[in-house]
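Enquirer: sequence plus predicted model, see below.
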Amino acid sequence: MKEATAFFDQLNHDYLSVHQAKEERFWATYMGTSADHAGFAEAEKTYKQFVADGQRLSAVRHHLEAVHAGPEGPAREGLVHGLNGWRQFFECNVIEEPAAQRLAEELIEMESELFARRKELALTHIDESGRRVPASLGTASANL
């Protein structure tokens, strides 16, 4: 059970590290405090590779089997609960087919390009005097 607990703790740590890096880059580029679209794309790719990694799913299943074979108790039940959560998470995200993995990577690159282009989009609206003027998303939405 010690090995499974160490695996679970490391998995949690690794996920938080990858997810936090992605979120920080996303919000920095989304809010316009950074123009590092390539960095965001790389962080997104790293995150998607993490969640789609079939080896992690296999490792979670392996540790679940080992924990089920151990002595019952609250620690075991908590670990089973946590590992089952990771099992479900990876089962929803793992991409096993190599062609599908390549397509997923292409989608990430395309999303990054779309995100960068979206940041360049200048919204406008026609004001009360009939002139086209810059508008925030909130202003444009309210005028609809």
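Expert: On my side now, so go ahead. Numbering: from 1, shown residues only.
Enquirer: only C-alpha atoms from now on, for both contacts and neighbour counts.
Expert: OK.
Enquirer: and the longest helix for this protein?
Expert: Scanning the chain for the helix with the most residues, using DSSP state H, yields helix 2-30.
Enquirer: now do the buried residues in that one.
Expert: 4-5, 7-8, 11, 18-19, 21-22, 25-26, 28-30 (16 or more other C-alpha atoms under 10 Å).
Enquirer: CSV please, covering those and showing pLDDT and distance to Leu137.
Expert: Converted to CSV, the buried residues of helix 2-30 look like this (pLDDT from 0 to 100; distance: C-alpha to C-alpha, whole Å):
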residue, pLDDT, distance to Leu137
Ala4, 94, 48
Thr5, 95, 47
Phe7, 97, 45
Phe8, 97, 43
Leu11, 98, 39
Val18, 97, 31
His19, 97, 28
Ala21, 95, 27
Lys22, 93, 25
Arg25, 90, 22
Phe26, 86, 19
Ala28, 87, 18
Thr29, 82, 17
Tyr30, 75, 14
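Enquirer: and those, which is closest to Ala104?
Expert: When the buried residues of helix 2-30 are ranked by distance to Ala104 (C-alpha to C-alpha), Lys22 comes first, at 16.5 Å.
Enquirer: tell me where this protein has helices.
Expert: Taking DSSP H as the test, the helices found in the chain are 2-30, 37-51, 54-68, 74-93, 98-120, 137-143.
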